[in-house]
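Asks: pasted the sequence and its predicted model underneath.
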Amino acid sequence: MNNAGSAAVTPYGGITPILGTNPICFGFPSKNDEPYLFDFSTSKCVWGEIRQSKLENKNLPENCFLDEDGKFTQDPDKANAIIPFGDAKGFALCYAIEILAGAFTGAKVGLQVEDEYDLGFTFIALSPEMFGVIEEFKNKLKLILFQFTVYFK
């Protein structure tokens, strides 16, 4: 995880950006030795959407970006902030990552961050073998995946 970039994400219900998009990634070993990876930003969209929208001469996704007045905008030239995914819970995760990857590591935080080079990173690694047998862990992951496939058919 890292406290990614200068202020882009506004607190839930706010209009002023104060935190970066603060991505987090999880990786887990699996039964077939191809890891399960989850990598996402804590904002509803990434800031790079603005650059991409300009390059492709397209509108931004709906209900993701705010202009300076706090109104949703699809105009990449007017985007001033991104809302967090998942409303207040998403912002809480964004804030927690700012603490773990920024304050905890001694990096710049919040409005101190000026660009993508003012970042802190936190890497946490746990072995499933610390808590049990690796094959049991992999079997449980396989069961969860099976349940997903049954549920979403």
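Replies: Sure thing, it's come through.
Asks: contacts and neighbour counts: CA atoms only from here.
Replies: OK.
Asks: mind listing what's buried in stretch 44-62?
Replies: Of the residues in stretch 44-62, Lys44, Cys45, Val46, Trp47, Ile50, Ser53, Asn59, Leu60, Pro61 count as buried by neighbour count, 16 or more other Cα atoms under 10 Å.
Asks: now do the contacts for the third one.
Replies: Going by Cα atoms under 8 Å, 6 or more residues apart in numbering, Val46 touches Thr21, Ile82.
Asks: ok, 7 Å please
Replies: By Cα atoms under 7 Å, 6 or more residues apart in numbering, Val46 lies in contact with Thr21.
Asks: cool, the fourth one as well?
Replies: Trp47 sits next to no residue when contact means Cα under 7 Å, 6+ apart.
Asks: oh, and call the first residue 57 from now on, that's how I've got it
Replies: Taking 57 as the first residue, the last one we looked at is Trp103.
Asks: alpha carbons of stretch 82-93, as PDB, please.
Replies: Output in PDB follows, covering the C-alpha atoms of stretch 82-93 (Å, rounded to 0.1, in the frame of the first residue of the first chain):
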ATOM      1  CA  PHE A  82      -3.500  -8.200  -1.500                       C
ATOM      2  CA  GLY A  83      -1.900 -11.400  -2.800                       C
ATOM      3  CA  PHE A  84      -2.700 -14.900  -1.600                       C
ATOM      4  CA  PRO A  85      -1.300 -18.300  -2.700                       C
ATOM      5  CA  SER A  86      -3.700 -20.600  -4.300                       C
ATOM      6  CA  LYS A  87      -4.200 -24.300  -4.900                       C
ATOM      7  CA  ASN A  88      -2.800 -24.200  -8.500                       C
ATOM      8  CA  ASP A  89       0.100 -21.900  -7.500                       C
ATOM      9  CA  GLU A  90      -1.300 -18.900  -9.400                       C
ATOM     10  CA  PRO A  91      -1.800 -16.200  -6.700                       C
ATOM     11  CA  TYR A  92      -5.100 -14.400  -6.100                       C
ATOM     12  CA  LEU A  93      -4.400 -10.800  -6.500                       C
END
